[in-house]
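Chemist: A structural model of the following input is requested.
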Amino acid sequence: MVLGSSRILGLVGKGLIEDFSPDCLGGAGYDLRLGRLYRLKSDGFLGVSDRRTPKVEEINSKSHTLKPGEYVLAETLERVNMPADLMARVLNRSTLFRCGCGLYNAVVDPGFTGTLTFGLKNLSDREFTVEKGARIAQIVFEEVEGETIKYDGKYQGGKVV
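Modeler: As a prediction, the model looks like this:
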């Protein structure tokens, strides 16, 4: 079951979303705002028993213009603290795809804590400028029924890479 705004607001009081803004609360989700941006600086690898994430460099500006085809990592301003009985899906805000951009993301597992990191790519042949603090994604929370395993992976705490 997807959580509505009143349930989300009640869980915010228990620490679900840090740096919460009432302006970002919707009917069945919360709009996540852009924090830091990072440029990839080296190659990556994902194998059966090993992985190597690329080195990154923070883009230190209030806004950033993505050239056609450019890909960056985007970190949220908000931190989430997922209880064991919730998971979340992150969806693009429609303005992104209307401007020719795509957001690449994953499920937010029960037990995850930290900022969220997404891939942001300009898929169009036009430039796209985004400002820090802009609402770029919507997080939708869902209940998990039955026993679960809390997230305890590499990105716990909000590590970008």
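Chemist: contacting residues for residue 41?
Modeler: When contacts are counted by C-beta atoms under 8 Å, 6 or more residues apart in numbering, residue 41 touches 54, 55, 56, 57. (Glycine included, C-beta is placed from N, CA and C.)
Chemist: which residues touch the residue nearest the centre of the chain?
Modeler: Nearest to the mean C-alpha position of the chain, counting by C-alpha atoms, centre = their mean, stands residue 116 at 3.9 Å. Residues near residue 116 by C-beta under 8 Å, 6+ apart: 32, 75, 76, 78, 80, 90, 105, 108, 139, 158.
Chemist: from those residues, which ones fall inside helices?
Modeler: Residues of those located in helices (DSSP state H): none.
Chemist: Narrow the contacts of residue 41 to those that are buried.
Modeler: residue 56 (16 or more other C-beta atoms under 10 Å).
Chemist: JSON lines for the contacts of residue 41, including secondary structure, distance to residue 100 and pLDDT?
Modeler: Listed next are those as JSON lines, based on DSSP: H, G, I helix; E, B strand; the rest coil; distance: C-beta to C-beta, whole Å; pLDDT from 0 to 100:
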{"residue": "54", "secondary structure": "coil", "distance to residue 100": "24", "pLDDT": "95"}
{"residue": "55", "secondary structure": "coil", "distance to residue 100": "28", "pLDDT": "97"}
{"residue": "56", "secondary structure": "strand", "distance to residue 100": "23", "pLDDT": "97"}
{"residue": "57", "secondary structure": "strand", "distance to residue 100": "24", "pLDDT": "97"}
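Chemist: quick one: which of the contacts of residue 41 is nearest to residue 16?
Modeler: residue 56 (27.5 Å; C-beta to C-beta).
Chemist: List the residues that contact that closest one.
Modeler: When contacts are taken as C-beta under 8 Å, 6+ apart, residue 56 is in contact with 38, 39, 40, 41, 73, 160, 161.
Chemist: Equivalent analysis for residue 46, please.
Modeler: No contacts exist for residue 46 under C-beta under 8 Å, 6+ apart.
Chemist: ok, now how distant is it from residue 116?
Modeler: Remark: distance between residue 46 and residue 116 (C-beta to C-beta, to the nearest Å) = 20 Å.
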